[in-house]
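Undergrad: Show me how the following folds:
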Amino acid sequence: MEETYAIEVEHISKHFKIFLDKGHEIKDYVTSSRRRKYENREVLKDISFKVKKGEAIGLIGHNGCGKSTTLKLLTKIMYPDSGTITMRGRVSSLIELGAGFHPDMSGRENIYINASIFGLTKKEIDRRLDDIIAFSELEEFIDNPVRTYSSGMYMRLAFAVAINVDADILLIDEILAVGDVNFQSKCFNRLREIKAEGTTIVIVSHSLGQIEQICERSIWIHEGVIKAEGRPRDIHPEYLDFMGGRRQEHALKEKERREAKKAAEEKAEIADNNIFNANSSSLEEQNHVMAGNQDDEKENDVAEANVNELAENSISDKDAADNSDEPEKKANLKRWGNGHARIQRVRMLDTAGNEQSVFKTGANVSIQIEYSVNQKVEDAVFGIGIFRSDGLQCYGTNTRIDKIDRFNLDKGGITTVRLDKLNLISGEYTLDVAIECDQGVPIDYYREAYRFEVFSNIGDVGVARVDHEWTL
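TA: Numbers count the residues shown, from 1 in each chain. The predicted structure is shown next:
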């Protein structure tokens, strides 16, 4: 290996056997052929990269892309099917929370066990013991069994051991997601210190902010191959754009699935109604035949019985109607007004005119409101309100605020408001729409008429992104 590199990964591939129904005994394999069937799933496909001494890199990608598998191959927890991995120096890893800890032993005893796994002698551990305990901030609990520890305490102890073994290479897999804010800050500061001392660091994390604070380089793994690598500030926006696009695709598929399910339910309901109507017609014909074969007295009895049956059916139909109104009553809790006009449909469209529920920060969006009119509305007003998922109002406006000329509603139609830049920060939002008249009299106020998401490749904080420019 070249002296300048601490890690060299060359053309590694890794696959796993995924059994359809894995058995644990010989008779399971003999009696069931299904338990012998499996599929080969290739997780990594000819990956190569190098890490310089003292360099910190981050591995990013969606769940299941192969990040954690790569880290386990580096630690030699498992081995590649092909290719080679060369590590230079002592390796310390935080792959799984509390890995190597014995739950019935105390924190102090587990320090000795865990540090010895990393290759330290008892004398070396004795020399570092006080520093490990002090960093973990577990002095009063250090002699308690670790089974009594919380997940945060586990993480503190595991991290304290890993960073005090004087490792040349430190491998971390999502471990920094656990712990309170103060301890996370302490961990970041310590990572910066050991990085400055020349330790090579590889981090797997979904927190791009963590990687940007520590790493000089990001490697984006997608479907088992390296899709891109470079400076975090260059790679992360590209990655976030890609993930946002996937979120839009999933949202569209979910919308199509819901529409297909609704159509199937409506079709089944129509079929049930047709069967019911056919049965009712057949029963009515039979009653006519029976009535024609009876004498006058029986005809009177049948007539009286039919009247009673109709009365009972009327009561039953009324009860059914009352029950069928329940969903509508619940829906009406989210809208109110005098009903002179009614909002029939709300859609949010992209620039191509396609309905979407996921948008990128800064996208051009059109809000389309379809309405009907039951009674003429004079001096009408259309309004919208955007609310964050926690109920915070982010923006609201209406045609009166925007000084649109007064207008009346005589018949149904569609009104559209275009947002040239939807400059909201990433998150989930709801849209309120309303029709009013005069000075705020509600005609139809529809709360949470539409739900949508916003994603961004920029790490702004707050509610909205304000256009700005730095001059240094």
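Undergrad: For burial, what's the neighbour tally of Ile384?
TA: The local packing count at Ile384 equals 20, with neighbours defined by other C-beta atoms under 10 Å. Glycine gets a C-beta too; all of them are placed from N, C-alpha and C.
Undergrad: partners of it in the sheet?
TA: When bridges are called by DSSP bridges, Ile384 pairs up with Thr397, Val433.
Undergrad: got a list of what it touches?
TA: Ile384 sits next to 367, 396-398, 417, 431-434 when contact means C-beta atoms under 8 Å, 6 or more residues apart in numbering.
Undergrad: change it to 7 Å
TA: Taking C-beta atoms under 7 Å, 6 or more residues apart in numbering as the definition of contact, the neighbours of Ile384 are 367, 396-397, 417, 431-433.
Undergrad: same thing with Asp173?
TA: Asp173 sits next to 68, 71, 94-95, 204 when contact means C-beta under 7 Å, 6+ apart.
Undergrad: Next, Gln213: secondary structure please.
TA: Put simply, Gln213 is helix when judged by DSSP: H, G, I helix; E, B strand; the rest coil.
Undergrad: okay, the nearest residue to it once chain neighbours are set aside: pLDDT?
TA: Distance criterion C-beta to C-beta, 6 or more residues apart in numbering; nearest residue to Gln213, sequence neighbours excluded, is Phe188 at 6.1 Å. The score at Phe188 is 78. That number is its pLDDT.
Undergrad: Between all of the contacts of Asp173, which two are at the greatest distance?
TA: Pairwise distances across the contacts of Asp173 peak at 11.9 Å for Ser68 and Leu94 (criterion: C-beta to C-beta).
Undergrad: got a winner among the contacts of Ile384 for most neighbours?
TA: Neighbour counts for the contacts of Ile384 (other C-beta under 10 Å) peak at Val433, which has 25 neighbours.
Undergrad: Next up, the contacts around the residue nearest to Glu223 when sequence neighbours are not counted.
TA: The spatially closest residue to Glu223, leaving aside those adjacent along the chain, is Cys65, at 6.4 Å (C-beta to C-beta, 6+ apart). When contacts are counted by C-beta under 7 Å, 6+ apart, Cys65 is found next to 221-224.
Undergrad: Are any of those buried, and if so which?
TA: The neighbour-count test (16 or more other C-beta atoms under 10 Å) marks 221, 224 as buried among the contacts of Cys65.
Undergrad: tell me which of the contacts of Cys65 is nearest to Met243?
TA: The shortest distance between Met243 and any of these, using C-beta to C-beta, involves His222 and amounts to 10.2 Å.
Undergrad: quick one: that closest one and Leu59 touch, right?
TA: No. Applying C-beta atoms under 7 Å, one finds His222 not in contact with Leu59, separated by 11.3 Å.
Undergrad: Ser68 and Leu94 - which one has more neighbours?
TA: For Ser68 versus Leu94, neighbours defined as other C-beta under 10 Å are more numerous around Leu94 (22 against 18).
Undergrad: How much space separates the more buried one from Phe452?
TA: 38 Å (C-beta to C-beta, to the nearest Å).
Undergrad: From the contacts of Asp173, which shows the smallest pLDDT?
TA: Least confident of the contacts of Asp173 in the model: Ile95, at 76.
Undergrad: what's the nearest residue to that residue if we skip its chain neighbours?
TA: Asp173 (4.9 Å).
Undergrad: Any stretches of this protein with poor pLDDT?
TA: Counting by pLDDT under 70, the chain contains low-confidence ranges at 1-3, 20-36, 96-99, 175-180, 276, 279-333, 439.
Undergrad: show me where it has helices.
TA: With DSSP state H, the ranges of helices along the chain come out as 26-31, 67-75, 107-117, 122-136, 151-162, 181-196, 208-214, 232-292, 296-324, 326-332.
Undergrad: Would you confirm that Pro442 contacts Trp336?
TA: Yes. Under the criterion of C-beta under 7 Å, Pro442 lies in contact with Trp336, with a separation of 6.0 Å.
Undergrad: Quick check: neighbours shared by these two?
TA: The overlap between the contact sets of Pro442 and Trp336 (C-beta under 7 Å, 6+ apart) is empty.
Undergrad: Looking at the contacts of Ile384, which is nearest Leu424?
TA: Leu431 (11.4 Å).
Undergrad: That closest one is in contact with Ala449, isn't it?
TA: Yes. The pair Leu431 and Ala449 passes the contact test of C-beta under 7 Å, sitting 5.7 Å apart.
Undergrad: Now do the shared contacts for those two.
TA: Contacts common to Leu431 and Ala449, judged by C-beta under 7 Å, 6+ apart, are Val346.
Undergrad: Not counting sequence-adjacent ones, nearest residue to Ala363?
TA: The spatially closest residue to Ala363, leaving aside those adjacent along the chain, is Leu422, at 5.2 Å (C-beta to C-beta, 6+ apart).
Undergrad: And that neighbour, how far from Cys394?
TA: Taking C-beta to C-beta as the measure, Leu422 falls 10 Å from Cys394.
Undergrad: rewinding a little: residues touching the residue nearest to Ala363, list them.
TA: Neighbours of Leu422 in contact, by C-beta under 7 Å, 6+ apart: 359, 361-363, 365, 454.
Undergrad: Keep only those of those that are in strands.
TA: 359, 363, 365, 454 (DSSP state E).
Undergrad: Can you redo those as JSON lines, where the extra columns are distance to Ala271?
TA: Listed next are those as JSON lines, based on distance: C-beta to C-beta, whole Å:
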{"residue": "Phe359", "distance to Ala271": "39"}
{"residue": "Ala363", "distance to Ala271": "42"}
{"residue": "Val365", "distance to Ala271": "39"}
{"residue": "Val454", "distance to Ala271": "41"}
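Undergrad: List the residues that contact the nearest residue to Glu436 once chain neighbours are set aside.
TA: Of all residues not flanking Glu436 in the chain, Val381 sits nearest, at 4.3 Å (C-beta to C-beta, 6+ apart). Residues in contact with Val381, defined by C-beta under 7 Å, 6+ apart, are 398-400, 436-437.
Undergrad: which of these tops the neighbour count?
TA: Glu436 (22 neighbours).
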